[in-house]
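Peer 1: Provided below for reference: sequence and predicted model.
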Amino acid sequence: MKTILLTLTLLSALMTSPAIADHHAKKTGAYRHVVCFKFKDDATRNQITAIEKAFAALPSKIDSITGYEWGTNVSPENLAQGYTHCFIVSFKDKKGLEAYLPHKDHKAFVEQLLPILDKAFVIDFVAK
């Protein structure tokens, strides 16, 4: 019985903690769209450079993008699992991201990317 009460007390405390409450709060900050690419082994340097340039051109074509940066993996930890490129696209809010994803220029970029893409990792978050 003591174990059950202790467990219920602990669960109650965790469910009302600021971290849990914040996780379920309405997302109103700037949105970040993080995309990592692992290219196919037979992708050429020229093809990869073309993708870098095409992605870099999106902010001039899609008004909802408020920030853009990218780079290649330089981590000494050897945990990248073959992912070499990381791109971060920023938006004022969720509506900006929602306008970006179906945008014709984003879709055209994805079509250019797919033939040389092995894997992609995408995560979106609200900046704090």
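Peer 2: Okay, I see it. Numbering: from 1, shown residues only.
Peer 1: I'd like the next helix or strand past the longest helix along the chain.
Peer 2: Secondary structure of the chain per DSSP state H: the longest helix is helix 45-61. Moving toward the C-terminus from helix 45-61, the next helix or strand (DSSP states H and E) is strand 65-72.
Peer 1: relative to helix 45-61, how tilted is that next one?
Peer 2: With axes from the mean of the first three to the mean of the last three CA atoms, to 10 degrees applied, the angle from strand 65-72 to helix 45-61 works out at 160 degrees.
Peer 1: For the helix or strand that comes right after strand 65-72, buried residues please.
Peer 2: If you walk from strand 65-72 toward the C-terminus, the next helix or strand you reach (DSSP H and E) is strand 85-91. Buried positions in strand 85-91, judged by neighbour count with 16 or more other CB atoms under 10 Å: His85, Cys86, Phe87, Val89, Ser90, Phe91. All C-beta spots, glycine's among them, are computed from the backbone N, C-alpha and C.
Peer 1: who touches strand 85-91?
Peer 2: The contact list for strand 85-91 (CB atoms under 8 Å, 6 or more residues apart in numbering) reads 30-37, 39, 48, 51-52, 55, 58-59, 64-73, 97, 100, 127.
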